[in-house]
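Colleague: Need coordinates for the below:
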Amino acid sequence: MATVHLARTLPLPYEKVWGALRSGAADILSGIEFEVDIAGVNVRKPVTVDVEGFNDAGQPFSACTVPFVVHASDHEGWFPTLRATLVATRHKEGTGVSLEGVYHAPVGALGAMADATVLRSVAERSVGAFFDEVIERLVAACRQVEEMEGIPWS
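Modeller: Predicted coordinates for the structure are as follows:
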């Protein structure tokens, strides 16, 4: 088991990010493959993302969270599982977006041993690529909201 924390500040108004996550978190998080380069070989693994809700704790204009679980679409026991939360917070410079979670190694003791040697760095790289894709999709969703409202993208 290893913790993951990735963060970015987006130059987007918090309200746009909040709206995009509130209405489309499942679309933003789903359909992404985990991808990593291992010894010069590009390895892709289809994953399933189970979005577990949207929460703004009654404070819609300061922070919101989207808890989710990512697991392999097939052969689940052979691949790590990521249990994480996407967090968006209002910042002076825009919106802070972070992914905070824990990934669990596969296959019991064998997985834990492999995790200690190789899988941890592979999982960290693949989660990083996953987060990059989530950020790209979130920005695109915010652009769509602005286009629908007739506000030019800046």
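Colleague: from here on, contacts and neighbour counts on C-alpha atoms
Modeller: Will do.
Colleague: What segments of the protein are strands?
Modeller: When secondary structure is read from DSSP state E, the chain shows strands at 2-10, 33-38, 41-51, 63-72, 81-91, 94-104.
Colleague: Now do the same contact list for the residue nearest to the spatial centre of the chain.
Modeller: When the chain is reduced to its mean C-alpha position, the closest residue under CA atoms, centre = their mean turns out to be Phe131, at 4.5 Å. Contacts for Phe131 were tallied using CA atoms under 8 Å, 6 or more residues apart in numbering; they are 6, 99.
Colleague: Out of the strands of the chain, flag the one nearest Val139.
Modeller: Between Val139 and the strands of the chain, the shortest separation by CA to CA is 8.3 Å, and it involves strand 2-10.
Colleague: CA atoms only for the closest one, dumped as CSV, please.
Modeller: The C-alpha trace of strand 2-10 is given here as CSV (Å, rounded to 0.1, in the frame of the first residue of the first chain):
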residue,chain,number,x,y,z
ALA,A,2,1.4,3.4,-1.0
THR,A,3,0.0,6.9,-0.8
VAL,A,4,-0.3,9.1,-3.8
HIS,A,5,-0.6,12.9,-3.8
LEU,A,6,-0.5,14.9,-7.1
ALA,A,7,-1.6,18.6,-7.4
ARG,A,8,-1.9,21.4,-10.0
THR,A,9,-3.3,24.9,-10.0
LEU,A,10,-5.4,25.6,-13.0
